[in-house]
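**Student:** Take a look and give me a structure for this.
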Amino acid sequence: MTVKLLMSACLIGQCCRYDAQNGKSIVTPKLHKMLNNGEVAVICPELAGGLGVPRDPCEIAPGGNAAGVLDGAARVLSIKSEDKTEGFIKGARATLELIQKFSIKTAVLKDRSPSCGVHSVHNGSFDGGLVDGRGVTAELLQRNGVRVFSEDELESAIQYAEDLAL
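**Tutor:** Next up is the predicted model:
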């Protein structure tokens, strides 16, 4: 079997969230079969970037965005104002390496995350507010031709990945 899909580890229930809680598993019967067949690569970019569990919550600083983080113009900060940018960039690069290793063209990532946000991320004020935009890993994957879906678009992502494999 070939690897068709990359998934955020928290979405299959791995305990990698910043607060050490289990992720919200979205494993459907079809995804379960793909996982068992070795068709899904799984990674947590934040763990791959050297950030531990538990860890302080992080957000892209106000006024910045993921493109700016990758281009050196914006930062990712913890709730304690510690600069965690390098860990987020390192994790994004590790995810891209995995994508390239298996020639994966489709990813399902956790929306609202500073790494994996697909449609929105937290606003940088640690007040629960959201802004439109991507996380650092989602941005890097998009830049490299990967089609990125959120967890709410799982079925569309699986269909897209299977269509590409035909």
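**Student:** How about the residue nearest the centre of the chain, nearest residue that isn't a chain neighbour?
**Tutor:** Central residue of the chain (CA atoms, centre = their mean): Cys116, 2.7 Å from the mean position. Once flanking residues are discounted, Cys116 sits nearest to Leu109: 3.6 Å by CB to CB, 6 or more residues apart in numbering. Bear in mind the C-beta positions are built from the backbone N, C-alpha and C, glycine included.
**Student:** wait, doesn't that neighbour sit right on Ser120?
**Tutor:** No. The pair Leu109 / Ser120 is not scored as a contact, 11.9 Å apart, by CB atoms under 8 Å.
**Student:** Comparing those two, which shows the higher neighbour count?
**Tutor:** The neighbour comparison of Leu109 against Ser120 (other CB atoms under 10 Å) goes to Leu109, with 29 against 17.
**Student:** contacting residues for that one?
**Tutor:** 7-8, 11, 115-118, 135, 137-138, 141, 148-151 (CB atoms under 8 Å, 6 or more residues apart in numbering).
**Student:** isn't Ala73 right up against Ala66?
**Tutor:** No. Between Ala73 and Ala66 there is no contact under CB under 8 Å: 10.8 Å.
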